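Participant: Have a look; sequence and predicted model below, questions after that.
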Amino acid sequence: MYVTVEGVNSARTAKLIEDVIQYAKDQLMSNIRKLFIDVEVIDGYVYQEGINGETIYDGNGRHVTIAIDPNQPLQEFITTLLHEMVHVKQYIAGELKDSSWKGEYFEGSYKDSPWEKEAYRLESVLLEGFLAKKRLILSSVPL
């Protein structure tokens, strides 16, 4: 897996992002070898887009971009990355394509979509595992 991180001011933050991405990849897509993830940390993204983070996939290959706003409490920032990694898995596995979930078009609200339900369900499980593995004290790692 190849990860690039843009828009951070410290190597420590870049390392945290890489660790979160690697953990999620290992948990969700352990069989995938070639995966290219660009993480763009964009100050004020939540105000521009109205969301904490977003996964952008053009449908070609295994190259995905995650855009994320750093202006979140640390636990929420990590949770957002994990949530977006569930979407990465969904795109790469072919489960999610446009507004189609496993080949079925979905017309309901965004929050009720099956891909969002899965991402919200898995984000907390992944967060618990990541924190346990890293023994991370959230207040000790500033963004």
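Facilitator: Done, it's in.
Participant: element containing the residue nearest to the spatial centre of the chain?
Facilitator: The centroid of the chain falls nearest to Glu84 when counting by Cα atoms, centre = their mean (2.4 Å). Using DSSP states H and E, Glu84 maps to helix 74-92.
Participant: Can you pull out the residues in contact with the helix or strand bottoming out on mean pLDDT in the chain?
Facilitator: Ranked by mean pLDDT, DSSP states H and E, the helix or strand of the chain with the weakest confidence is helix 45-49, at a mean of 73. Helix 45-49 is contacted from outside by 42, 51-54, 67-69, 71-72, using Cβ atoms under 8 Å, 6 or more residues apart in numbering. C-beta: built from backbone N, CA, C; applies to glycine.
Participant: Swap in 6 Å and give it another go.
Facilitator: 52, 67, 69 (Cβ atoms under 6 Å, 6 or more residues apart in numbering).
Participant: quick one: buried residues of it?
Facilitator: Of the residues in helix 45-49, 45-46 count as buried by neighbour count, 16 or more other Cβ atoms under 10 Å.
Participant: before we move on, what about stretch 55-65?
Facilitator: 55, 57, 62, 64-65.
Participant: Stretch 23-31 too?
Facilitator: 23-25, 27-29.
Participant: Over to stretch 110-123?
Facilitator: Buried residues in stretch 110-123, defined by neighbour count with 16+ other Cβ under 10 Å: 113, 115-116, 118-119, 122-123.
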